[in-house]
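> Quick one, structure for this:
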Amino acid sequence: MNETAQQYIQRITSHVEGKQPLAVQAATAKKLGRLIKGVPTAKLRKRPAPEKWSVSEILAHLADTEIVCGFRIRMILGAPGTPIAAFDQDSWVTSGHYEKRDPRKSIEQFRTLREANLALLKTLKPEQWKHFGIHSERGEETVEHIVRMFAGHDINHLHQIEQILSSKGK
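As a prediction, the model looks like this:
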């Protein structure tokens, strides 16, 4: 999917409209666990199409991007206005050997990291939510915006997983 940074932001944040981003984030790990409960690992590792990620790869991606989210927020809180580096998610799939990762361990890693990030967010003072960094592709992003983006990112990938698991070849 070729989209501009602005199109990506609009698509991802549209998933969280009318929702509480922290509540969405707090519920994601359990939803992921329920979605894959009883599904054989081989099915989770099967790509729905050659250019599309498998459920297992999506779960590894979510775990790794939770590291990114936590790091970005901590960098911004420690040095407001700091540069935020983008990353190539597709190269991470390859270089991180996502196809070999245990999907259930990916969820556990995600859950642990998410809990740590939510614990930090719950301690923020109102003005800290307005602190921002400068994303290399998307420009100025506040902590508040990043939290909304990652909640929308969760919903986006939950929908992808649901679609993959409900498709033919169960």
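> Over to Ile67. Which of the three states is it?
Three-state call for Ile67 (DSSP: H, G, I helix; E, B strand; the rest coil): helix.
> State the helix or strand in which the nearest residue to it once chain neighbours are set aside lies.
Nearest non-adjacent residue to Ile67, counting by C-beta to C-beta, 6 or more residues apart in numbering: Leu113, 6.2 Å away. Every C-beta, even on glycine, is put in place using the N, C-alpha and C of the backbone. Assigned by DSSP states H and E, Leu113 belongs to helix 103-121.
> helices or strands up against that helix?
Applying 3 or more C-beta pairs under 8 Å, 6 or more residues apart in numbering; DSSP states H and E, we find helix 103-121 packed against helix 21-36, helix 55-78.
> Only the buried residues of it, if you could.
By neighbour count on 16 or more other C-beta atoms under 10 Å, the buried set for helix 103-121 is Pro103, Arg104, Ser106, Ile107, Gln109, Phe110, Arg111, Leu113, Arg114, Asn117, Leu121.
> do the same with stretch 78-86
Going by 16+ other C-beta under 10 Å, stretch 78-86 has these buried residues: Ile84.
> Relative to Ile12, how far out is Leu121?
Distance of Leu121 to Ile12, given as C-beta to C-beta, to the nearest Å: 18 Å.
> same question, Arg45
Arg45 is 26 Å from Ile12, by C-beta to C-beta.
> Next: Pro83.
According to C-beta to C-beta, Pro83 stands 21 Å off from Ile12.
> per-residue pLDDT, Gln160?
If you check Gln160, the pLDDT there is 96.
> Identify the residues contacting the residue nearest in space to the middle of the chain.
The C-alpha lying nearest the average C-alpha coordinate of the chain belongs to Leu62 (C-alpha atoms, centre = their mean; 4.4 Å). Applying C-beta atoms under 8 Å, 6 or more residues apart in numbering, we find Leu62 in contact with Thr28, Leu32, Ser106, Phe110, Asp154, His157.
> Which residue, other than its chain neighbours, is closest to the second one?
Right, Leu32. Per C-beta to C-beta, 6+ apart, closest to Leu32 is Ile107, 5.0 Å.
> hang on, isn't that neighbour packed against Lys31?
No: Ile107 lies out of contact with Lys31 (C-beta atoms under 8 Å); the separation is 10.0 Å.
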